[in-house]
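> Need coordinates for the below:
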Amino acid sequence: MNAWAEDQMINPNGMIQFMGDPEGALTRTLEMELNHPGPHSVGIIGRCKRFAVYAVNGEVKYVAVSEREDDPAGDDYPEDTLAEALLDAILKHKNDEL
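This next block holds a predicted model:
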């Protein structure tokens with residue numbers, strides 16, 4: 001995770017913390033395990049779906065999953081889980097609270 005953060009030029013003392021899930025416990029708890037037969041057929045087992053979560057004090061406020069019938073991993077259409085979409089969702093959530 002440190003190499004990925006370094007590659008992305010993330011300040012190790014900043015607001016973003018990269019965390020791994022090597023045993024898939026969080027992935028399974030969030031029900032985000034990719035069960036499509038495509039990745040399994042090439043030996044990719046236990047991969048998580050491409051998703052983004054907005055949580056406040058441990059309470060999940062918004063979840064986005066980039067998966068489509070023709071793109072179960074969300075690799076070709078990640079737009080719903082990219083920063084711009086998540087920031088839009090956060091702003092909408094905050095406006096709804098007002």
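> now the strands for the chain?
51-56, 59-65 (DSSP state E).
> Give the partner strands of the shortest one in its sheet and their orientations.
Taking DSSP bridges as the criterion, strand 51-56 sits next to strand 59-65 (antiparallel) in its sheet.
> quick one: contacts of the partner strand?
32, 49-55, 74, 80-81, 85-86, 89-90, 93 (C-beta atoms under 8 Å, 6 or more residues apart in numbering). Where you see a C-beta, it was placed from the backbone N, CA and C, and this is true even at glycine.
> From Gly58, how far out is the residue nearest to the spatial centre of the chain?
Compute the mean C-alpha point of the chain, and by C-alpha atoms, centre = their mean the closest residue is Phe51, 2.9 Å away. From Phe51 across to Gly58, the span is 17 Å (C-beta to C-beta, to the nearest Å).
> got it, and Lys92?
From Lys92 to Gly58 the distance is 21 Å (C-beta to C-beta).
> The two - which one has more neighbours?
Between Lys92 and Gly58, counted using other C-beta atoms under 10 Å, Lys92 has the larger neighbour count: 11 against 5.
> Just give the number of residues close to the closest residue to the residue nearest to the centre of the chain other than its chain neighbours.
Leaving aside its chain neighbours, Phe51 sits nearest to Val65 (4.7 Å; criterion: C-beta to C-beta, 6 or more residues apart in numbering). Using other C-beta under 10 Å, Val65 is surrounded by 16 other residues.
> same check, this time on Pro72
18.
> Hmm, it is touching His36, no?
Yes. Using C-beta atoms under 8 Å, Pro72 is in contact with His36, at 3.7 Å.
> just the helices in this protein please.
2-7, 25-29, 37-41, 83-97 (DSSP state H).
> JSON lines for those helices, including mean pLDDT and distance to Gly14?
JSON lines is the format used below for those (pLDDT from 0 to 100; distance: least, C-beta to C-beta, whole Å):
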{"stretch": "helix 2-7", "mean pLDDT": "86", "distance to Gly14": "9"}
{"stretch": "helix 25-29", "mean pLDDT": "90", "distance to Gly14": "22"}
{"stretch": "helix 37-41", "mean pLDDT": "61", "distance to Gly14": "32"}
{"stretch": "helix 83-97", "mean pLDDT": "88", "distance to Gly14": "15"}
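> Please consider this matter closed, and thank you.
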